[in-house]
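**Student:** coords below, sequence missing:
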């Protein structure tokens with residue numbers, strides 16, 4: 001059977017335009033951490049192993065390297081066609097989606113056939129303009145590092161803690177997998 005090509009994209013969760021990738025990434029790099037506190041001198045009675053206190057799960061991050069964009073054939077400005085959307089996605093918005101300093105950047109879901117990271121924002125990215133037409137118009141660009149960071153969903157409670165984790169008996173059993 002024939003498989004259709006599905007393009008990676010950042011689906012806008014705040015009502016704005018999605019950000020489509022021109023070419024799919026070669027790899028996705030996830031970072032998932034559990035915060036711990038080492039208890040100096042505290043050891044298990046039988047084994048003598050150090051005791052560790054588990055405090056919380058840090059937000060997941062997804063890093064995508066080498067995202068390519070090329071408008072050479074159509075002779076359009078690659079910044080205006082693609083990169084500008086990433087720059088605008090780092091601008092802070094108020095709750096209605098209007099630009100307002102110091103509120104928050106827009107939220108997205110990273111989707112590529114399925115959702116890999118839901119409710120995230122662009123924490124950082126850097127890009128290079130790599131080819132220019134004789135008139136100076138950039139026609140190729142590479143985002144050499146895009147980091148998406150998980151954030152709370154609108155259904156989470158007011159302090160940003162998921163309701164399922166508010167109960168301490170449930171918090172240690174929460175499973176974080178792809179698409180969660």
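**Tutor:** Received the coordinates, thanks. Just so it is clear, the structure is predicted and the values come from calculations on it, not from any experiment.
**Student:** Residue nearest the middle of the protein, spatially speaking?
**Tutor:** Taking Cα atoms, centre = their mean, the centroid of the chain lies closest to residue 148, which sits 1.9 Å from it.
**Student:** Break down this structure into its strands, ranges please.
**Tutor:** Assigned by DSSP state E, the chain shows strands spanning 9-12, 19-20, 29-31, 34-43, 50-57, 61-64, 67-70, 108-111, 115-132, 138-150.
**Student:** Ok, which of those strands comes nearest residue 88?
**Tutor:** Evaluated with Cβ to Cβ, these place strand 19-20 nearest to residue 88, the distance being 9.0 Å. (C-beta placed from N, C-alpha, C; glycine too.)
**Student:** And that closest one, how far out from the chain middle?
**Tutor:** Distance, stretch centre to chain centre, for strand 19-20: 13 Å (Cα atoms, centre = their mean, to the nearest Å).
**Student:** Residue 39 versus the spatially closest residue to residue 110 that is not a sequence neighbour, what's the distance?
**Tutor:** Excluding its sequence neighbours, the residue lying closest to residue 110 (Cβ to Cβ, 6 or more residues apart in numbering) is residue 117, at 4.5 Å. Separation of residue 117 from residue 39 (Cβ to Cβ, to the nearest Å): 33 Å.
**Student:** ditto for residue 134
**Tutor:** 65 Å.
**Student:** who's more crowded, those two?
**Tutor:** residue 39 (11 against 5; other Cβ atoms under 10 Å).
**Student:** residues touching the residue nearest to that one when sequence neighbours are not counted, list them.
**Tutor:** Distances taken as Cβ to Cβ, 6+ apart place residue 51 nearest to residue 39, at 4.8 Å, with adjacent residues excluded. For residue 51, the contacting residues are 39, 42, 43, 44, by Cβ atoms under 8 Å, 6 or more residues apart in numbering.
**Student:** which of those lies closest to residue 111?
**Tutor:** Nearest to residue 111 among the contacts of residue 51, with distances taken as Cβ to Cβ, is residue 39, at 41.5 Å.
**Student:** In contact with the closest one, which residues?
**Tutor:** With contact set as Cβ under 8 Å, 6+ apart, residue 39 has these partners: 50, 51, 52, 53.
**Student:** before we move on, what about residue 24?
**Tutor:** Counting by Cβ under 8 Å, 6+ apart, residue 24 has contacts 7, 8, 112.
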